[in-house]
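Asks: got a structure for you, letters missing:
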């Protein structure tokens, strides 16, 4: 089944891949960008025709444009949300646009008569504030935003998803709402305008970190994340659903080893020695980005994706392929000089 879907944040990494898959499956896509001047740059990367892919100007922090973007749509995929490359000075810089933007998209969807809504949330809304050590999370888990580990981005994704669910329960009527909660999203790139989520691979390839901190994350391919969104748009009985979207959990040392094994001399700058935790803590005194993720040291946040695999028939490709595809495209596009 294909219809007309509004995909917000069309310049984003996950949104771009989702739009490509939707167009290939026969959907008509409306997408929002903050500035319509970006259409000329984005259209060759996304595909489609002026009839099958239409651009609309809309901002998470303003009402203008949302009703026009949603008009004529049968489905909504709300993906637009701030993902900064640096730590914000104030948490509200992320929380307010994430929450208010989601509510603007939902109100526009209701006005257009849209019945199926898929929200791109995050593992950040699931896995924080549960104490240190090893955890395996399910869809029933929620981040504790009052925890010291809950930095600005984590709070923004948690608060936005909760606000969206509360709004749908109170105002959505027969609207079916489902969230997709991905971990660290990697995979192919189509331009040098790359997502913040790929920064870890870039830093490893260019050797800009002196060693491997005791950090890790679940890894998932952008193609598989997009596939989950498409499945959620069409699968039956989605009201209130939530799906963790993850492959294996990998430590930085595991990712470095995959790069070394798969790229040979192109990975010669990738560090091999471990950074002791005490050194990372000292670095955090001078770097706000390290400081906000200091609570990650030694934590293993794994995701149980059995619900998505059983209900959606969703699968993932090998993490090694995802990591190497990311690295090769970074080299090909000149993002990293090796």
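Replies: Here it is on my side, so go on. As the structure is a computational prediction, the values presented were derived from the model and not from experiment. Residues are numbered from 1 along each chain as shown.
Asks: beta partners of the residue nearest to residue 36 when sequence neighbours are not counted?
Replies: Closest residue to residue 36 apart from its sequence neighbours, by Cβ to Cβ, 6 or more residues apart in numbering: residue 57 at 4.9 Å. Glycine gets a C-beta too; all of them are placed from N, C-alpha and C. Bridge pairing for residue 57 (DSSP bridges) gives the partners residue 33.
Asks: show me the residues around residue 57 that make contact.
Replies: Residue 57 is in contact with 32-36, 64-65, counting by Cβ atoms under 8 Å, 6 or more residues apart in numbering.
Asks: and the gap between it and residue 100?
Replies: In this view, residue 57 and residue 100 are 17 Å apart by Cβ to Cβ, to the nearest Å.
Asks: again with residue 126
Replies: The gap separating residue 126 from residue 100 is 22 Å, by Cβ to Cβ.
Asks: just residue 334 next, same as before
Replies: Residue 334 sits 37 Å away from residue 100, going by Cβ to Cβ.
Asks: Could you check which of those two has the larger neighbour count?
Replies: Set side by side, residue 334 and residue 100 show more neighbours around residue 100, with 16 against 8, by other Cβ atoms under 10 Å.
Asks: Now for that one: which residues touch it?
Replies: By Cβ under 8 Å, 6+ apart, residue 100 lies in contact with 60-61.
Asks: buried sites along the helix or strand that contains it?
Replies: Using DSSP states H and E, residue 100 falls within helix 92-112. Neighbour-count burial for helix 92-112 flags 94-110, 112 (criterion: 16 or more other Cβ atoms under 10 Å).
Asks: what about the helix or strand that that helix is followed by, distance to the chain center?
Replies: For helix 92-112, the succeeding helix or strand toward the C-terminus, using DSSP H and E, is strand 116-120. From the chain centre to the centre of strand 116-120 is a distance of 13 Å (Cα atoms, centre = their mean, to the nearest Å).
Asks: elements contacting strand 116-120?
Replies: Here strand 116-120 touches strand 75-78, helix 92-112, helix 152-171, strand 176-182, helix 222-234, going by 3 or more Cβ pairs under 8 Å, 6 or more residues apart in numbering; DSSP states H and E.
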